[in-house]
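Colleague: Curious how this folds, go ahead:
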Amino acid sequence: MKRLILAASVVAIALSAMCSCKADKVTADEELRIEDRPKIMWLCLSANWPKFSNPDTARYYIKKAADCGFNHLIVDVKGIESIVAYDSKIAPRLKSLKGVDYPDNYDYLDTITAIGRENGMKVLASLCMFAEGTDENAQGILHGDKEAWKTVYYQTDGTLSTKNRNDAYHRAFMNPALPEVQAYERSLVLEVVRNYDLDGVMLDYCRYEGIGSDFSQYSKNKFEEYIGERVENFPQDIFEWVKKDDGSFTHKPGKWFNKWIEWRASVIYDFFKTTREAIKAEKPDMMLGNYTGAWYPSYYEVGVNWAGKDYDASQDFDWATPEYKNYALNELFDLYTNGNYYVDVTLDELHSHDGRVKNETDSGFSEGDHLCVEGACDYSRKLLGGRPFYGGMYVEQYYGDPDRFRRAVKMNLKKSDGFMLFDMCHIIYKDWFDILGKAIAEAEEEMRREQAAK
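Modeller: As a prediction, this is how the structure comes out:
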């Protein structure tokens, strides 16, 4: 996740059963006790390593989060740097980060998991999937013997290149369609599943980089196999870049654009399906979690259909085929959180200005009621057909306005089925534990009063 982007008769239902139940038997989280609804604290590896590499410091801050009401902890052990913070025989292990060494006799994941459990938390390990390093510093496995795995970008000047000149973050992405790429990333997930006593694994960056990827010869061949026809003019028959009056670019769909969008969604779907099956074969109760951005109307650009299986996007969007819904992912997840990464908390706030937002993964600006915390939660509820989701927030967006931060916490808790906060480092930096704890307590008390009034 870029520092950019959970009735008296059921009170006794355990939260663990709630989150690890079969995908076709998920019960809405409102049936849990209000205080037991998932509240998820995320620990980004690079941002938190200097403090959390010390077990005593980690224990201090994780207890503070638990005292605020958090009952889930996501510990990032593989970011976009291609290194991992656990004992791996597959990927290069972290040696030093931000001037702090990783001791040879230290196991970060095992340590943080134990501390989380001490504080009554469920613990999931987060692994970044299809981003492996950066181009800016030639960092990561894609700048070594895995260079052939790099995605091929369709640049706005019409050329094809393995270096994305339009990405301000300089991230190096792989081609998700390559079987060897999928096998490598899945092997890391299974390594963690087998070797650590976790409640689940959370997959992040499990997507294409953007609308301009991947345009390799391999992807062209696989797409032609998928549609059973030749693409005569590639990539123009997918789309063409068009320069606008303001100097920015938009994409003009070609003959095969919609089928291309469908095919890319099938690639990500197949990876999740196969990975879920492999995880459950090892440990049936292990949760498979996923994070996506909440901006569904443009999230097709990264090849991800995070809706529920009954939602037909072709009824609402001209980029979707009727078959697009066949690759809806949500039933594959045991825990799902999406990033309501918006400064505006309410619809009224959004409507008070032009409401245009450029999300991290978007090729252009978006408009719509889903571009605020309240609207995003309402929209997610519609798309997921009753399946639980945990509204996420990006703390840095509220640095200058602690009251807006407080209201965003409460909105996510009340409008979704729980809450995910990205990231612990921001709460430490701003020393907002008191604000955070009070916001959670206020929201849960208001929900209890509303429940009693029904």
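Colleague: Could you check how far the residue nearest to Arg186 when sequence neighbours are not counted is from Val201?
Modeller: If the residues on either side of it in the chain are set aside, Arg186 comes closest to Thr275, at 5.2 Å by Cβ to Cβ, 6 or more residues apart in numbering. For glycine as for every other residue, the C-beta is placed from the backbone atoms N, C-alpha and C. Taken as Cβ to Cβ, to the nearest Å, the spacing of Thr275 relative to Val201 amounts to 9 Å.
Colleague: about what we covered before: buried residues in the helix or strand harbouring the residue nearest to Arg186?
Modeller: When secondary structure is defined using DSSP states H and E, the element that contains Thr275 is helix 257-282. Burial within helix 257-282, assessed by neighbour count using 16 or more other Cβ atoms under 10 Å, is assigned to 257-269, 271-272, 275-276, 279-280.
Colleague: Give me the neighbour count for Ser416.
Modeller: By the other Cβ atoms under 10 Å criterion, the neighbourhood of Ser416 contains 29 residues.
Colleague: in the stretch 151-300 of the chain, which spans are helices?
Modeller: Ranges of helices within the stretch 151-300 of the chain are 179-195, 217-227, 257-282, 296-299, based on DSSP state H, counting those that start in this stretch.
Colleague: CA atoms only for stretch 435-444, dumped as CSV, please.
Modeller: What follows is stretch 435-444, C-alpha atoms only, in CSV (Å, rounded to 0.1, in the frame of the first residue of the first chain):
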residue,chain,number,x,y,z
ILE,A,435,-7.8,11.5,19.5
LEU,A,436,-8.0,8.1,17.8
GLY,A,437,-9.2,6.3,21.0
LYS,A,438,-11.8,8.8,21.7
ALA,A,439,-13.1,8.8,18.1
ILE,A,440,-13.5,5.0,18.2
ALA,A,441,-15.2,5.1,21.6
GLU,A,442,-17.6,7.8,20.5
ALA,A,443,-18.5,6.0,17.3
GLU,A,444,-19.1,2.7,19.1
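Colleague: Show the average pLDDT along that stretch.
Modeller: For stretch 435-444, the mean pLDDT works out to 98.
Colleague: Now that stretch: buried residues?
Modeller: Within stretch 435-444, the residues that qualify as buried are Ile435, Leu436, Gly437, Ala439, Ile440, Ala443, Glu444, counting by 16+ other Cβ under 10 Å.
Colleague: Let's have those in TSV, adding distance to Lys252.
Modeller: Output for the buried residues of stretch 435-444, formatted as TSV (distance: Cβ to Cβ, whole Å):
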residue	distance to Lys252
Ile435	46
Leu436	45
Gly437	50
Ala439	45
Ile440	46
Ala443	45
Glu444	49
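Colleague: In helices, which of these fall?
Modeller: In helices, judged by DSSP state H, the following of the buried residues of stretch 435-444 are found: Ile435, Leu436, Gly437, Ala439, Ile440, Ala443, Glu444.
Colleague: what about this structure, any weak spots by pLDDT?
Modeller: Along the chain, the parts satisfying pLDDT under 70 run over 1-31, 165-169.
Colleague: please redo it, this time with the cut-off set to 90
Modeller: Where the chain drops to pLDDT under 90, the residues are 1-32, 81, 103-105, 133-139, 143-145, 163-171, 354-355, 454.
Colleague: For the residue positioned nearest the centre of it, list each beta-bridge partner.
Modeller: Per Cα atoms, centre = their mean, the C-alpha nearest to the average position across the chain is that of Tyr291, at 2.3 Å. The bridge-partner assignment for Tyr291, based on DSSP bridges, gives Thr337.
Colleague: got the contact list for it?
Modeller: Met1, Ile5, Met202, Leu203, Asp204, Tyr336, Thr337, Asn338, Gly339, Gly392, Met420 (Cβ atoms under 8 Å, 6 or more residues apart in numbering).
Colleague: Which neighbours do Thr275 and Val201 have in common?
Modeller: Going by Cβ under 8 Å, 6+ apart, residues that sit against Thr275 and also against Val201 are Val189, Leu288.
Colleague: Surely Ser126 is in contact with Val84?
Modeller: No - counting by Cβ atoms under 8 Å, Ser126 does not reach Val84; the two are 11.1 Å apart.
Colleague: Mutual contacts of the two, please.
Modeller: Taking Cβ under 8 Å, 6+ apart as the contact criterion, the common neighbours of Ser126 and Val84 are Val77, Lys78.
Colleague: how many neighbours does Glu396 have?
Modeller: Glu396 sits with 15 neighbouring residues when counted by other Cβ under 10 Å.
Colleague: Distance check, it against Gly79.
Modeller: On the measure of Cβ to Cβ, Glu396 and Gly79 end up 17 Å apart.
Colleague: mind listing what the closest residue to Glu282 other than its chain neighbours touches?
Modeller: With Cβ to Cβ, 6+ apart as the measure, Val193 is the residue that lies nearest to Glu282, at 5.2 Å, once sequence neighbours are left out. With contact set as Cβ under 8 Å, 6+ apart, Val193 has these partners: Val201, Ile279, Glu282, Lys283, Met286.
Colleague: Please name every helix or strand in contact with whatever helix or strand Ile62 lives in.
Modeller: Here Ile62 sits within helix 55-68, counting by DSSP H and E. Here helix 55-68 is seen to pack against strand 39-43, helix 45-52, helix 108-118, helix 424-430, helix 433-453 when contacts are counted using 3 or more Cβ pairs under 8 Å, 6 or more residues apart in numbering; DSSP states H and E.
Colleague: what about these, which gets the closest to Glu209?
Modeller: Distances from Glu209 to each of the helices and strands packed on helix 55-68 were compared by Cβ to Cβ, and the smallest falls on helix 45-52, at 19.2 Å.
Colleague: residues of the closest one that come out buried?
Modeller: Of the residues in helix 45-52, those buried under the neighbour-count criterion (16+ other Cβ under 10 Å) are Leu45, Ser46, Ala47, Asn48, Trp49, Lys51, Phe52.
Colleague: Could you tell me the angle between it and helix 55-68?
Modeller: 110 degrees (axes from the mean of the first three to the mean of the last three Cα atoms, to 10 degrees).
Colleague: Show the subsequent helix or strand relative to the helix holding Ile62.
Modeller: Moving toward the C-terminus from helix 55-68, the next helix or strand (DSSP H and E) is strand 72-78.
Colleague: same for that following strand, what does it pack against?
Modeller: In terms of contacts (3+ Cβ pairs under 8 Å, 6+ apart), strand 72-78 is packed against strand 39-43, helix 45-52, helix 108-118, strand 122-128.
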